[in-house]
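K.L.:
Need the 3D shape of this:
(one chain, ligands or ions: 1)
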Amino acid sequence: MRHNRLASALSAVAIVAAGAGSAAAQDSKQDTVKIGLVMPMTGTLGPAGQEAVAGAKLYMAQHGDTVAGKKIELIVRDDGTVPDVGKRLAQELIVNDKVQFLGAGTTPTALSMAPIVTEGKVPGVIMISGTSVATERSPYYVRTTFTLGQQSGIIADWATKNGSKKAVMVMSDWAPGAEAAKVFEASFTKGGGQVLDTIKVPLANPDFAPYLQRARDLQPDTLFVFVPASQAGVFARQFAERGLDKSGIKLVGPGDIVDDNDLPASGDALLGVVTAGFYSADHQSAMNKKYVADYAAATGGKRANFISVGGWDGMHLIYEALKKTNGNTNLDAVMAAMKGMSWESPRGPVSIDPQTRDIVQNVYIRKVEKKADGQPWAVEFATFEAVKDPLHPATN
Ligand code: PHB
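P.N.:
Numbering: from 1, shown residues only. Alright, predicted model coming up:
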């Protein structure tokens, strides 16, 4: 049994290598560039996959489907939020569809398909995962999203500078939550604060109420919370139902807890909450105003959120790399084009760190306020420029 599994794993790698070889040989002759996205379109993180794909498709709608003389074909595969399925889909996209680029989604699948990206010698653009370690799992991964660490240290500093002394951390129990908590605790403690407890909430179908009660019973002055995209709405409701919005305990976190997708329906529950995030639909720039308007028009009125810009910027990175290489999809040429690239995103200025292949971007401190339209928005009031991920060994 064990031998069989090993044998099939080895032949799978061989198939990938052969497929990539022939795809590379055809590079210069091909008129079409295929981009395969492996996304959770269904399952626990289904909404995140749908948002990233909506962002990617919007980019193509705005910029056309031809770049450097090549026709761009987007292929979307649903991993169902199951990492093993994502790994198989990535392999099929390379071997059967002969894609020249892969797009990776949430952390568990981004990690499971990393060896396929490496063996297949295909550039992989991370369009959701916010876990620092993901980009280190393949030399061909480049991230256009964010890391939790990028935001969590900054909000910890803000909290201690604004009077927080005792915090409880409530976090979704998987890799990005662990990183958010690790970086928050380090900075909060350095700033003179104390973390009373870390409360872990299961990722799938979470019921936050009992965990919030436990947190409240510890009588902190500050609650640091990480919940992933698509769970901020449920969280906000249960937070208000428990009366925590009126308890005097300060709620802080990375941008995920005030996800623009969920803010419009959150009523007053999150008013006054301060977060450190890289994207707000309220970001004041001409490019973002157009992005938010076009996204709403393309999605039946949804508010653009932080996950969607990862997909939009992922496509931008691929388009601009192809422009630089004159349509050549050779791995080394594409990687060289991507490393160090900088551009204006709807979130503000961004670049790709040539050393870590991770995104460098502004992190904004934002407060949820009701604006003239009567809806809550995360309003930016301070900017930390060109922030790198704090957890990469190369950054420290
Ligand atoms: C991730 O896959 O790492 C991820 C997804 C959604 C989030 C944060 C992190 O909100």
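K.L.:
and stretch 204-211, does that touch the ligand?
P.N.:
No. Using C-beta under 6 Å from any ligand atom, stretch 204-211 never reaches the ligand; the gap is at least 13.0 Å. Every C-beta, even on glycine, is put in place using the N, C-alpha and C of the backbone.
K.L.:
Would you mark the buried spots in that stretch?
P.N.:
206, 208, 211 (16 or more other C-beta atoms under 10 Å).
K.L.:
cool, stretch 62-78 as well?
P.N.:
67-68, 70, 72, 74, 76-78.
K.L.:
sec struct for Q151, please.
P.N.:
State at Q151, reduced to three classes by DSSP: H, G, I helix; E, B strand; the rest coil: helix.
K.L.:
Now do the same for it: its pLDDT.
P.N.:
We have a pLDDT of 98 for Q151.
K.L.:
Contacts only, for the spatially most central residue of the chain.
P.N.:
Nearest residue to the geometric centre of the chain (C-alpha atoms, centre = their mean): I128, 3.2 Å. Going by C-beta atoms under 8 Å, 6 or more residues apart in numbering, I128 touches 39, 45, 48-49, 52, 104-107, 110, 145, 307, 310-311.
K.L.:
State the helix or strand in which it lies.
P.N.:
For I128, there is no host helix or strand (DSSP states H and E).
K.L.:
so who does the residue nearest to it when sequence neighbours are not counted touch?
P.N.:
In this structure, I128 finds its nearest non-sequential neighbour in G105, 4.5 Å apart by C-beta to C-beta, 6 or more residues apart in numbering. G105 makes contact with 37-40, 45, 48-49, 52, 79, 86, 127-129 under the criterion C-beta under 8 Å, 6+ apart.
K.L.:
buried residues in the helix or strand where G314 lies?
P.N.:
Using DSSP H and E, G314 sits within helix 306-324. Neighbour counts over helix 306-324 (16+ other C-beta under 10 Å) mark 306-322, 324 as buried.
K.L.:
just to revisit the earlier point, in helices only, show me the contacts of I128.
P.N.:
48-49, 52, 107, 110, 307, 310-311 (DSSP state H).
K.L.:
follow-up on the earlier one: the contacts of G105, buried ones only, as a ChimeraX selection?
P.N.:
Buried residues within the contacts of G105, by 16+ other C-beta under 10 Å, are selected in ChimeraX with:
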select :37,38,39,40,45,48,49,52,79,86,127,128,129
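K.L.:
pLDDT and distance to P139 added to the contacts of G105, as TSV?
P.N.:
TSV is the format used below for the contacts of G105 (pLDDT from 0 to 100; distance: C-beta to C-beta, whole Å):
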residue	pLDDT	distance to P139
L37	99	20
V38	98	19
M39	98	22
P40	98	25
L45	97	26
A48	98	25
G49	98	25
A52	98	23
D79	98	22
G86	98	19
M127	98	18
I128	98	20
S129	98	16
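K.L.:
filter the contacts of G105 down to the ones near the ligand?
P.N.:
48, 128-129.
K.L.:
Looking at the residues you listed, spot the one nearest A215.
P.N.:
A48 (24.9 Å; C-beta to C-beta).
K.L.:
which residue packs closest to that closest one, ignoring adjacent ones?
P.N.:
Per C-beta to C-beta, 6+ apart, closest to A48 is A229, 4.4 Å.
K.L.:
count of neighbours near that neighbour?
P.N.:
For A229, the neighbour count with other C-beta atoms under 10 Å is 25.
K.L.:
tell me, how many neighbours does K370 end up with?
P.N.:
13.
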